[in-house]
Every structure is written in structure tokens, then in C-alpha cells.
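Asker: fold the following, please.
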Amino acid sequence: GQIIPERRFVEAINRQAYQYEMGDFPIEWEAWIRKKRKDPPTIEEILRNENYREEMKQKIKDVAEKDKLLQAKEYREGLVAEPVHTQIKGHASAPYYGKKEPSQDPTSTASTFEPGSWMPPGSGSSQNK
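Answerer: Presented below is the predicted three-dimensional model:
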């Protein structure tokens, strides 16, 4: 007695199997196909869940808007300091910070190598060597 598991599939009307993308079918059908649920979903269940998701999206949008208005009010009243906008010019592992000046000495960092450059006599900051 070998038990053959049931095979579940959904036939797409307007697409070929290779054109399928995640999210093309409702989540309830995905769960049924992958045997996460026992019974296939009903149309009423799918519509009810879709309406619920849309309501939640709208509530999230409303809360975010209220929060943005509250933050703006707190900034105006001086209750909260506004975030500082900093400009990042380099990374701690960068071989240099800010403006790069040519050097007569070769430099090497990790997997990069930069040969030294020729500097005419009497020019540049490397003359004091």
C-alpha cells in the first residue's frame, strides 16, 4: 500500500506557467496550494480578507499622517529638536578623508595599490620631507 499524496494546482487563464509571479494569486489560494490549509478558499473569504487588508492600509496611512503632523507641531513648539542632516564624506575604512592630494609615495590599502605620482621640485606639501 503506497499512499499517493493529492496534487493541488491552479490553472491561470491568461498566463503561461513560466510567467507566474508571486502575488498573482490571492494569498488564500497560495496557502491551499502549498497545503497550509485544508479547504480551498471561498470567494466571500477572499473578498472579506482583501477588504480587511485595504482598511488596514488606510488606517496605517492615517496614523502615519497624524504622526507627521504631530512631529511638525512639536518641532515648531520647540519640544523636540529637529534631526540634523549630516553629510557623510567617507568611510572609516577609506584610505583618505576629504580632498586627496597627490603623493610621491605609493599607497596600498587592502586590495588596491596606487603608485606614487611625480611632483615637480618646489611644489606641493610633500616638499617638507
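
Asker: who's in contact with residue 50?
Answerer: Contacts here follow C-beta atoms under 8 Å, 6 or more residues apart in numbering; on that basis residue 50 touches residue 26. Yep, even glycine has a C-beta here, placed from its N, CA and C like the rest.

Asker: looks to me like it is in a strand.
Answerer: No - counting by DSSP: H, G, I helix; E, B strand; the rest coil, residue 50 is not part of a strand but helix.

Asker: look up how far residue 36 lies from the residue nearest the centre of the chain.
Answerer: For the chain, the residue nearest the mean C-alpha position is residue 22 (18.1 Å; C-alpha atoms, centre = their mean). Residue 22 sits at a distance of 15 Å from residue 36 (criterion: C-beta to C-beta, to the nearest Å).

Asker: quick check, pLDDT for the residue nearest to the centre of the chain.
Answerer: Looking at residue 22, its pLDDT reads 71.

Asker: I'd like the next helix or strand past the lowest-mean-pLDDT helix or strand in the chain.
Answerer: Within the chain, no helix or strand scores below strand 107-109, which has a mean of 68 by mean pLDDT, DSSP states H and E. As assigned by DSSP states H and E, the chain's next helix or strand after strand 107-109 is strand 112-114.

Asker: which helices and strands sit right next to that following strand?
Answerer: On a contact count with 3 or more C-beta pairs under 8 Å, 6 or more residues apart in numbering; DSSP states H and E, strand 112-114 meets strand 107-109.

Asker: tell me the bridge partners for residue 112.
Answerer: Per DSSP bridges, the residues bridged to residue 112 are residue 109.

Asker: distance check, it against residue 119.
Answerer: Counting by C-beta to C-beta, the separation of residue 112 from residue 119 is 21 Å.

Asker: so which of the two has more stuff around it?
Answerer: Set residue 112 next to residue 119 and count neighbours by other C-beta atoms under 10 Å: residue 119 wins out with 15 against 8.

Asker: how close does that one sit to residue 105?
Answerer: 10 Å.

Asker: tell me the buried residues in the helix or strand encompassing residue 59?
Answerer: Using DSSP H and E, residue 59 sits in helix 43-77. In terms of neighbour count (16 or more other C-beta atoms under 10 Å), helix 43-77 has no buried residues at all.

Asker: right, I'll call it a day here.
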